[in-house]
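In: build the 3D model from these lines:
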Amino acid sequence: METTTFRLTQYSHGAGCGCKISPALLDKILHTAIPTAIADPRLLVGNDKRDDAAVLDLGNGTALISTTDFFMPIVDDAYDFGRIAATNAISDVYAMGGKPVLAIAILGWPIEKLPPEVAGLVLDGARAVCADAGITLAGGHSIDCPEPVFGLAVNGLVALSHLKQNATALPGCRLYLTKALGVGVLSTAQKRGLLQPEDAAIALKSMTALNKPGAVLGGLDAVKAMTDVTGFGLLGHLAEMCAGSGLSAVVEFDKVPVIPGIDTYLNQGCVPGGTLRNWSSYGNRIGPLTEHQQQILADPQTSGGLLVAVSEDGTGRFERLMQEQGYHLTSFGWLQPQDNGPLIRIA
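Out: Residues are numbered from 1 along each chain as shown. Predicted coordinates for the structure are as follows:
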């Protein structure tokens with residue numbers, strides 16, 4: 001059977017992390033949930049936090065990181081869809097400063113619309129990424145589903161002294177982002193048949209690049225807080241970091257890394273629906289900015305980069321370490337004490 005004839009994005013209403021429930025609606029869901037009857041003192045990070053994964057103290061100086069992430073196709077190719085979904089799920093472990101150790105698959109498949117061979121390619125892509133991360137895709141669960149859905153549940157380990165969270169930043173920290181923004185715009189252009197092959201290649205390379213430096217940054221004391229940027233966009237995840245740390249941020253827009261050529265697609269109206277949902281959820285907490293800045297900074301990312309808050313006196317060491325990992329990063333802003341103004345200002 002010729003599996004390349006099936007374009008997966010035609011079988012789903014959303015794409016990648018743009019499928020995420022908006023921050024405002026998620027707040028309502030979480031606030032109406034029945035609280036846990038028994039508090040577990042070993043649970044260092046749980047549902048009460050807005051972090052990337054749950055963290056459980058194992059009692060031996062290390063902690064277990066547990067996370068899950070899944071979504072509908074963001075690309076047409078089944079193998080690449082598996083790669084992207086796996087990369088995105090594993091990222092949560094790296095964002096906590098840990099190393100992944102095991103993954104299991106989550107598969108929803110429209111069995112009357114798409115053949116099992118296509119699902120097999122999705123799993124093959126995920127296995128390839130897991131191998132790159134040094135872990136095994138050890139099993140999983142599948143259901144018959146109206147739309148294709150795929151992701152992973154991932155476990156990782158981290159030394160307690162290396163655990164990074166998104167709510168532990170300090171005033172004066174400089175902000176860095178390890179991947180350029182714009183994947184949401186490119187994904188929307190693809191669904192509309194407007195994406196050029198060279199830009200599709202850029203998006204794919206970004207979404208399948210593992211955030212491995214996160215495990216290294218776990219051992220760097222200068223890194224005070226860390227998270228990954230996904231469906232809520234840079235502003236959404238930075239807002240969570242600010243609110244959790246009791247700080248505000250100043251963003252120098254001209255220094256924010258952005259995929260080249262994005263404006264071409266924005267001028268053609270390729271603005272993801274997730275961008276508008278994001279802005280509706282947290283725009284009232286952001287200072288004045290242009291429509292163009294909003295379209296970039298609230299763009300929902302799939303398998304985005306690490307957002308890192310680094311102490312001002314540690315930026316030199318951080319940048320050198322990242323250069324050793326193949327990243328040439330420039331700070332795009334800083335954190336400061338909260339005042340009566342917006343949570344995030346655009347410089």
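In: give me the low-pLDDT residue ranges for this protein?
Out: Applying pLDDT under 70 to the chain flags the ranges 1-4, 11-38, 49.
In: what about the strands in the stretch 101-250 of the chain?
Out: 137-144, 149-159, 174-177, 223-228, 247-251 (DSSP state E, counting those that start in this stretch).
In: quick check: which of the ones you listed is nearest to Gly108?
Out: strand 149-159 (3.5 Å; C-beta to C-beta). (Glycine included, C-beta is placed from N, CA and C.)
In: walk me through which strands that closest one pairs with, and which way each runs.
Out: strand 62-71 (antiparallel), strand 99-109 (antiparallel) (DSSP bridges).
In: returning to that earlier point: mind checking the strands of the stretch 101-250 of the chain for the one nearest to Ala167?
Out: That would be strand 223-228 among the strands of the stretch 101-250 of the chain, by C-beta to C-beta, at 6.9 Å.
In: now do the closest one: everything it contacts.
Out: For strand 223-228, the external contacting residues (C-beta atoms under 8 Å, 6 or more residues apart in numbering) are 51-52, 91-92, 94-97, 164-170, 173, 211, 214, 217, 237, 240-241, 245, 304-311, 314, 318.
In: 6 Å instead, please
Out: Strand 223-228 is touched from outside by 52, 91, 95, 164, 166, 168-170, 173, 217, 237, 241, 304, 306-311, with contacts defined as C-beta atoms under 6 Å, 6 or more residues apart in numbering.
In: what do you get for stretch 339-347?
Out: By C-beta under 6 Å, 6+ apart, the residues outside stretch 339-347 that reach it are 239, 242, 248-253, 285-287, 289.
In: most widely separated two among these?
Out: Glu252 and Arg285 (18.6 Å).
In: can I see the domain layout of this structure?
Out: 3-162, 174-346 (automatic domain parsing).
In: what's the spacing between the closest residue to Tyr79 other than its chain neighbours and Leu329?
Out: Leaving aside its sequence neighbours, Tyr79 sits nearest to Gly125 (C-beta to C-beta, 6 or more residues apart in numbering; 4.1 Å). Gly125 is 28 Å from Leu329, where distance means C-beta to C-beta, to the nearest Å.
In: with neighbour numbers in mind, choose between the two.
Out: Taking other C-beta atoms under 10 Å, Gly125 and Leu329 do not tie; Gly125 has more neighbours (23 against 20).
In: got the contact list for the more buried one?
Out: So Gly125 contacts 79, 82-83 (C-beta under 6 Å, 6+ apart).
In: helices of the stretch 1-150 of the chain, start to end?
Out: In the stretch 1-150 of the chain, the segments counted as helices under DSSP state H, counting those that start in this stretch are 23-31, 78-95, 116-133.
In: pick the most buried one from the ones you listed.
Out: For those, the largest average neighbour count (mean count of other C-beta atoms under 10 Å) is found in helix 78-95, namely a mean of 28.
In: relative to strand 223-228, how tilted is that one?
Out: 160 degrees (axes from the mean of the first three to the mean of the last three C-alpha atoms, to 10 degrees).
In: can you list contacts of helix 78-95?
Out: So helix 78-95 is in contact with 8, 52-53, 65, 67, 69, 73, 75, 100, 118, 121-122, 124-126, 129, 133, 150-152, 154, 156, 207-208, 210-211, 214-215, 226-228, 303, going by C-beta under 6 Å, 6+ apart.
In: burial of Gly182, as a residue count?
Out: Neighbour tally, Gly182, other C-beta under 10 Å: 25.
In: now do Glu112
Out: Neighbour number of Glu112 under other C-beta under 10 Å is 7.
In: just name the most buried of the strands of the stretch 101-250 of the chain.
Out: Using mean count of other C-beta under 10 Å, strand 223-228 ranks as the most buried of those, with a mean of 26.
In: mind listing what that one pairs with, with the direction of each?
Out: strand 306-310 (antiparallel).
In: how distant is the partner strand from the center of its chain?
Out: The chain centre lies 13 Å from the centre of strand 306-310; the measure is C-alpha atoms, centre = their mean, to the nearest Å.
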